[in-house]
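A.B. asks: this one's structure only:
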């Protein structure tokens, strides 16, 4: 009993000023038994169902040592070391302490929200469920779609204080195990007090100094499942409703997997349109600046006269005009994200109308500049992922400044730098610009032309080289 009291005393000292710590003293044949749990992370119903109801029975028949065999709890652990008590308490376990035994019984409270539709990656077709802030539920959403023992998950805790659970999920018969080990070893070296969200975790896996995202963060279980079947790796992060996917290529943002739910002709049209919009939203403002400042001879005379007439009363150079309008549009975009949904649409519409009209009336910007920037932002709406939008913003400014200095040659130089930069990026040591560089004829064609599903029978030879065959169809 002295040892038992020492353990209780140590728990009280370690959890000093922790009001949700509950220690109950129970009697057993004139011997004391202690039940310890944290009220905020444990379920009183589960404690009553798994422990108290069964404990009375077990005590009466003198089988306390066999309690782990008689309690219908989902997870029961025999604790050999005192150091493990704190870990189990924080993770929602109840601890039973007797003279000879310390047992941890899972009584974790369900502190979760229900599964809802995706907030960001919305789609007209396909599943409507999304990840939540619970590790087990998120893993379950993936296993509902991939029912095989080849789906493996390597679990680990990250953060010296937070001890957040993460899981590295992959298909054993498809994914490259060397890349799985690389991710595990990299995360094992993270020595930080706490990691709160998957977006923070992703920063430890970024290999390049670039604004382009080399890791996908998604809230859609179907997108993760599709990626796993292609040989990619997913990282599930407890307390986060976003799952990370590696490796990620530029083509994954221009051509998201949710397009596959559309018919072939719609699929092909959307992918060509999105590719066109990707380059237009980056290049168009700079290209306009180059034409209006340096290469007026390329414009029809009547159109050039109209543009010049509109800019007569504008006191700023065209580059300043463009930067002012880009700043206003970015400000409206950010306010739209942060305002409550009931106000955001009104703020965006009124802000764009009022500020645009006021800027033209005051002679700060020309009407044609309003059209150019509006068209630029409309084309950027084809992309919903914040990571790729940030990269677009960055390179849009580079094209704009380069064009304002060198004209059309500046646009060409910026384009060359843009392509070289894309070719230099690595994601899990794979080329980011795949399947353009290195060129993969099959996958390059697949980016723009969707064939019948029964003809899509091969995975990428870059990331799933040990299992290229996706399906064996006798219709071929």
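C.D. replies: Everything's here; your move. Given the structure is predicted, the values throughout are model-derived calculations rather than measurements. Numbering: from 1, shown residues only.
A.B. asks: any idea how many residues pack against residue 261?
C.D. replies: When counting by other Cβ atoms under 10 Å, one arrives at 14 neighbours for residue 261. Heads up, the C-betas are built off the backbone N, CA and C, glycines and all.
A.B. asks: who's in contact with it?
C.D. replies: 123, 124, 125, 126 (Cβ atoms under 8 Å, 6 or more residues apart in numbering).
A.B. asks: repeat that for residue 397.
C.D. replies: By Cβ under 8 Å, 6+ apart, residue 397 lies in contact with residue 326.
A.B. asks: measure it to residue 211 for me?
C.D. replies: For residue 397, the distance to residue 211 (Cβ to Cβ, to the nearest Å) stands at 11 Å.
A.B. asks: same question, residue 219
C.D. replies: For residue 219, the distance to residue 211 - Cβ to Cβ - is 22 Å.
A.B. asks: next: residue 181.
C.D. replies: Using Cβ to Cβ, we find residue 181 at a distance of 29 Å from residue 211.
A.B. asks: looking at residue 219 and residue 211 now, which is surrounded by more residues?
C.D. replies: A count of neighbours by other Cβ under 10 Å puts residue 219 above the other of residue 219 and residue 211, at 21 against 14.
A.B. asks: now the more buried one. Its backbone dihedrals?
C.D. replies: Torsion angles at residue 219 (phi, psi; degrees, to the nearest 10) stand at phi -110, psi 0.
A.B. asks: ok, now the one 5 residues further on?
C.D. replies: Recorded main-chain torsions at residue 224 are phi -70, psi -40, according to degrees, to the nearest 10.
A.B. asks: apart from its chain neighbours, what residue comes closest to residue 204?
C.D. replies: residue 190 (5.3 Å; Cβ to Cβ, 6 or more residues apart in numbering).
A.B. asks: helix, strand or coil for the one you found?
C.D. replies: coil (DSSP: H, G, I helix; E, B strand; the rest coil).
A.B. asks: what packs against the longest helix along the chain?
C.D. replies: The single longest helix within the chain, with elements called by DSSP state H, is helix 264-293. If contacts are counted by 3 or more Cβ pairs under 8 Å, 6 or more residues apart in numbering; DSSP states H and E, helix 264-293 sits against helix 250-254, helix 318-338, helix 367-380, helix 386-406, helix 408-424, helix 441-448.
A.B. asks: residue 313: neighbouring residues, count only.
C.D. replies: 11.
A.B. asks: next, the contact list for the nearest residue to it once chain neighbours are set aside, please.
C.D. replies: Leaving aside its chain neighbours, residue 313 sits nearest to residue 363 (4.2 Å; criterion: Cβ to Cβ, 6+ apart). Going by Cβ under 8 Å, 6+ apart, residue 363 touches 313, 314, 315.
A.B. asks: kindly report the same for residue 138.
C.D. replies: Residue 138 sits next to 131, 132, 221, 236, 241, 243 when contact means Cβ under 8 Å, 6+ apart.
A.B. asks: okay, and the fifth one sits in which element?
C.D. replies: Think residue 241. With elements taken from DSSP states H and E, nothing contains residue 241; it lies in neither a helix nor a strand.
A.B. asks: state the phi and psi torsions of it.
C.D. replies: Main-chain torsions, residue 241, degrees, to the nearest 10: phi -90, psi 10.
A.B. asks: want to throw the helices and strands packed on helix 264-293 into JSON lines with mean pLDDT and distance to residue 34?
C.D. replies: Below are those laid out as JSON lines (pLDDT from 0 to 100; distance: least, Cβ to Cβ, whole Å):
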{"stretch": "helix 250-254", "mean pLDDT": "85", "distance to residue 34": "53"}
{"stretch": "helix 318-338", "mean pLDDT": "80", "distance to residue 34": "49"}
{"stretch": "helix 367-380", "mean pLDDT": "86", "distance to residue 34": "61"}
{"stretch": "helix 386-406", "mean pLDDT": "90", "distance to residue 34": "49"}
{"stretch": "helix 408-424", "mean pLDDT": "92", "distance to residue 34": "61"}
{"stretch": "helix 441-448", "mean pLDDT": "73", "distance to residue 34": "61"}
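A.B. asks: between those helices, which gets nearest to residue 37?
C.D. replies: helix 318-338 (38.9 Å; Cβ to Cβ).
A.B. asks: tally of neighbours for the closest residue to residue 407 other than its chain neighbours?
C.D. replies: Closest residue to residue 407 apart from its sequence neighbours, by Cβ to Cβ, 6+ apart: residue 294 at 2.9 Å. By other Cβ under 10 Å, the residues close to residue 294 number 18.
A.B. asks: what's residue 294 in contact with, if anything?
C.D. replies: Applying Cβ under 8 Å, 6+ apart, the residues near residue 294 are 406, 407, 408.
A.B. asks: buried subset of those as a PyMOL selection?
C.D. replies: Per 16 or more other Cβ atoms under 10 Å, the buried members of these correspond to this PyMOL selection:
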select buried, resi 407+408
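A.B. asks: which residues are contacting the helix or strand harbouring residue 308?
C.D. replies: Here residue 308, judged by DSSP H and E, is contained in helix 301-310. Outside helix 301-310, the residues that touch it by Cβ under 8 Å, 6+ apart are 292, 296, 299, 366, 367, 368.
A.B. asks: any chance of the residues you listed in TSV, with neighbour count and distance to residue 79 too?
C.D. replies: Supplementary listing: the contacts of helix 301-310 in TSV, determined by neighbours: other Cβ atoms under 10 Å; distance: Cβ to Cβ, whole Å:
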residue	neighbour count	distance to residue 79
292	25	74
296	13	80
299	14	79
366	24	74
367	14	74
368	17	73
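A.B. asks: how about those residues, which pair is most distant?
C.D. replies: 296 and 367 (18.1 Å).
A.B. asks: which among the contacts of residue 261 end up buried?
C.D. replies: Neighbour-count burial within the contacts of residue 261 applies to 123, 126; the criterion is 16+ other Cβ under 10 Å.
A.B. asks: flag the shaky bits of the stretch 101-250 of the chain, pLDDT-wise.
C.D. replies: Counting by pLDDT under 70, the stretch 101-250 of the chain contains no low-confidence range.
A.B. asks: try 80 this time
C.D. replies: The stretch 101-250 of the chain contains residues with pLDDT under 80 at 101, 110-126, 207-208.
A.B. asks: mind listing the strands for it?
C.D. replies: Secondary structure of the stretch 101-250 of the chain (DSSP state E, counting those that start in this stretch): strands at 102-106, 151-158, 164-171, 216-218, 233-237, 243-246.
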